[in-house]
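> Generate a structure from the sequence data that follows.
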Amino acid sequence: MTTTFESALKKLEDTVEKLEEGSIPLDEALSTFESGVSWSRECNKYLENAEQRIKTILKNGNGEYEQKEFVLDK
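Down below sits the predicted model:
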């Protein structure tokens, strides 16, 4: 089964929620934290991939298409 960004993010959110409760034993908290770091890295990979894929194709002065990096105006 392939993990999607949404499912990885949900796992990360669940992990953070579990840690924030503060009611789990230290050993379980440490393994939960390790799991959270793993899910965080998984989400980050998805976001980095998305950032690389976000390109805007524009015609240049010669009428040819060229790729330009997408820049979000704030």
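> which stretches of the chain form helices?
5-21, 26-53 (DSSP state H).
> tell me, which of those is the model least confident about?
Note on the helices of the chain: helix 26-53 shows the lowest mean pLDDT, a mean of 93.
> buried residues in that one?
32, 35-36, 39-40, 42-43 (16 or more other Cβ atoms under 10 Å). Every residue, glycine included, has its C-beta placed from N, CA and C.
> Now the helices of the chain in TSV, please, with extra columns for distance to Val71.
As requested, the helices of the chain are exported to TSV (distance: least, Cβ to Cβ, whole Å):
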stretch	distance to Val71
helix 5-21	22
helix 26-53	11
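> do you know which of those lies nearest Gln67?
Taking Cβ to Cβ, helix 26-53 is the member of those nearest to Gln67, at 10.8 Å.
> Check which helices and strands that closest one sits against.
helix 5-21 (3 or more Cβ pairs under 8 Å, 6 or more residues apart in numbering; DSSP states H and E).
> Show me what counts as buried in the helix it packs on.
Under 16+ other Cβ under 10 Å, the buried positions of helix 5-21 are 8-9, 11-12, 15, 18.
> which other residues reach that helix?
By Cβ atoms under 8 Å, 6 or more residues apart in numbering, the list of residues contacting helix 5-21 from outside reads 24, 29, 32-33, 35-36, 39-40, 42-43, 46-47, 50.
> nearest to Thr3, of the buried residues of helix 26-53?
Glu42 (6.5 Å).
> Look up how far Ala50 lies from the residue lying closest to the closest one once chain neighbours are set aside.
Spatial nearest neighbour of Glu42, chain neighbours left out: Ala8 (4.4 Å); criterion: Cβ to Cβ, 6 or more residues apart in numbering. Going from Ala8 to Ala50 by Cβ to Cβ, to the nearest Å gives 13 Å.
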